[in-house]
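Novice: sequence and computational prediction follow.
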Amino acid sequence: MVKYKAPRPVILLPKKLPLELLRKVINYFHDREIKDICIISRKLLSSGFPFGSIIVSDEKLVYERVTEEELIINCSIVFVDGEMLEVLNKIRGPKIALSSLENTEVLKKVEKLAKIATHYNKLPRLDCGRCKYGTCVGLARAVVEGKGNLQECVVITSKTGLVIKIGNKVVSLNPWVERLYRRIIQDLLEALKGVEIEDSDIIEVSVIKKKS
């Protein structure tokens, strides 16, 4: 399970679904570059809902076609039927009724959370502590508030894409050693059956302290 530490709003759909309100709200998010939207609803199975979002029609498809991990990686905001809310029981974030989004202040708060999640999705989510924000959530929030940019992420701008952590402490290496370790670790992993690693992929090596 991917560790997803950025709260992400979950919008609860009512039993009698007002499609016009749903379209209006999703268009609002799309117009603000929030397009990582997931809709999990049986009600939309035959409605011909005209959006390129992830639409899951039943519980079977949730588990076979879209895993919780995929939802966490790919979605900044989720619309879900109340009866299927248990699918999202491991996802942090406020649960908000669709009708509440008719309130401008509530809508703006949801928009900010969704934007933070959108930028967080673009980060490595390692919380390596190498940028001044301390965590990936902190950097994503700074980007939304106009106080930072994604290029401040040391891992993104690194030419090696290697992070070594012992406990919560990141081990700093000089660039030559870092590239060497990256090459050795990548070669070892790719020797395993079915493992393919792109040069752009980030490799994280963690030493977890055993509790006595």
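Specialist: Perfect, I can see it now.
Novice: domain parsing for this protein?
Specialist: Here the chain is described, according to automatic domain parsing, as comprising the domains 10-121, 158-212.
Novice: tell me which of those is the most buried.
Specialist: Counting by mean count of other CB atoms under 10 Å, domain 10-121 has the highest mean neighbour count of those, with a mean of 16. Backbone N, C-alpha and C define where each C-beta goes, glycine included.
Novice: pLDDT below threshold where in the chain?
Specialist: By pLDDT under 70, the weakly predicted segments of the chain are 1-4, 45-73, 87, 89-90, 168, 212.
Novice: which ones are touching the closest residue to Val143 other than its chain neighbours?
Specialist: Nearest residue to Val143, sequence neighbours excluded (CB to CB, 6 or more residues apart in numbering): His119, at 4.8 Å. Neighbouring residues of His119 by CB atoms under 8 Å, 6 or more residues apart in numbering: 139-140, 143-144, 150.
Novice: okay, among these, which ones form the most distant pair?
Specialist: Within the contacts of His119, Val144 and Leu150 form the most distant pair, 11.1 Å apart (CB to CB).
Novice: of these two, which one has the most company?
Specialist: Val144 (19 against 14; other CB atoms under 10 Å).
Novice: I'd say the more buried one and Ala114 touch.
Specialist: No - here Val144 does not reach Ala114: they are 9.6 Å apart, not a contact under CB atoms under 8 Å.
Novice: coming back round to it: can you put the domains of the chain in a markdown table and add distance to Cys128?
Specialist: What follows is the domains of the chain, written out as a markdown table (distance: least, CB to CB, whole Å):
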| stretch | distance to Cys128 |
| --- | --- |
| domain 10-121 | 14 |
| domain 158-212 | 5 |
